[in-house]
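1. A structural model of the following input is requested.
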Amino acid sequence: MRPLAKIRSLPLALAWVLAVLSLPAWAELAPMQTVPAVDVPRYMGTWHEIAKYPNWFQKKCASSTQATYTLQADGRVQVLNRCKTDKGEWREALGSARQIGGPTSAKLKVRFAPEWLSFVPLVWGDYWIIDLDPDYQWVVVSEPRRAYLWILSRTPQMPTPTYQALLGKLEKLGFDLQRVEPSRP
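-> Here you go, the predicted model:
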């Protein structure tokens with residue numbers, strides 16, 4: 001190889017090394033897994049947000065964030081998300097969810113866009129149940145890329161040992177605990 005060719009290929013090699021080193025952490029993680037099965041009727045009811053990754057669609061939520069799931073006759077699930085703003089006013093979003101992969105699947109798709117847009121794939125987001133208390137008292141929800149995360153409980157507060165144990169599990173799954181934001185009851 002001529003000396004000039006070596007000099008020209010050095011920046012390219014350096015750029016490749018930097019690109020590989022700067023890959024997002026999730027690129028190295030094992031694929032996200034869900035719990036093996038969910039009893040959907042048992043999952044219905046109200047869940048209180050204990051912690052989450054901050055996201056754009058909950059920016060105005062200051063406290064009392066909760067989700068209420070209601071099974072519909074067609075098998076879909078009505079989703080009512082509500083929270084209090086910093087002014088103490090309730091803010092609500094009504095959506096719909098459907099299971100992907102069978103009647104006990106822990107993989108769901110959820111949308112908050114109007115029904116007439118439900119044919120558009122982009123309006124449906126992943127809602128994966130990745131950990132679930134055997135007694136259905138708490139749940140951890142995320143999606144395949146780990147961009148979103150919620151820890152939910154049947155009660156507005158969760159015992160500290162349970163919360164700490166869930167954080168330990170999430171860290172092992174590759175979640176950034178620095179991003180976890182506890183919710184205000």
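
2. partners of the residue nearest the centre of the chain in the sheet?
-> When Cα atoms, centre = their mean is applied to the chain, the residue found nearest the centroid is Ser142 (2.6 Å). Beta-bridge partners recorded for Ser142 (DSSP bridges): Trp128, Leu149.

3. quick check, pLDDT for it.
-> Looking at Ser142, its pLDDT reads 97.

4. same deal with Glu115?
-> 81.

5. what's the burial count for the residue lying closest to it once chain neighbours are set aside?
-> Once flanking residues are discounted, Glu115 sits nearest to Ser96: 7.5 Å by Cβ to Cβ, 6 or more residues apart in numbering. Backbone N, C-alpha and C define where each C-beta goes, glycine included. As a burial measure, Ser96 scores 18 neighbours (other Cβ atoms under 10 Å).

6. am I right that Ser96 is in a strand?
-> Yes: remark: Ser96 belongs to a strand, assigned using DSSP: H, G, I helix; E, B strand; the rest coil.

7. roughly how far does it sit from Pro182?
-> 29 Å (Cβ to Cβ, to the nearest Å).

8. also Ala37?
-> 29 Å.

9. ok, Leu170 next?
-> 13 Å.

10. and those two? which has more neighbours close in?
-> Leu170 (21 against 12).

11. what about the more buried one, helix or strand, and which?
-> helix 160-172 (DSSP states H and E).

12. which helices and strands does that helix pack with?
-> For helix 160-172, the elements it packs on are strand 138-142, strand 149-153, judged by 3 or more Cβ pairs under 8 Å, 6 or more residues apart in numbering; DSSP states H and E.
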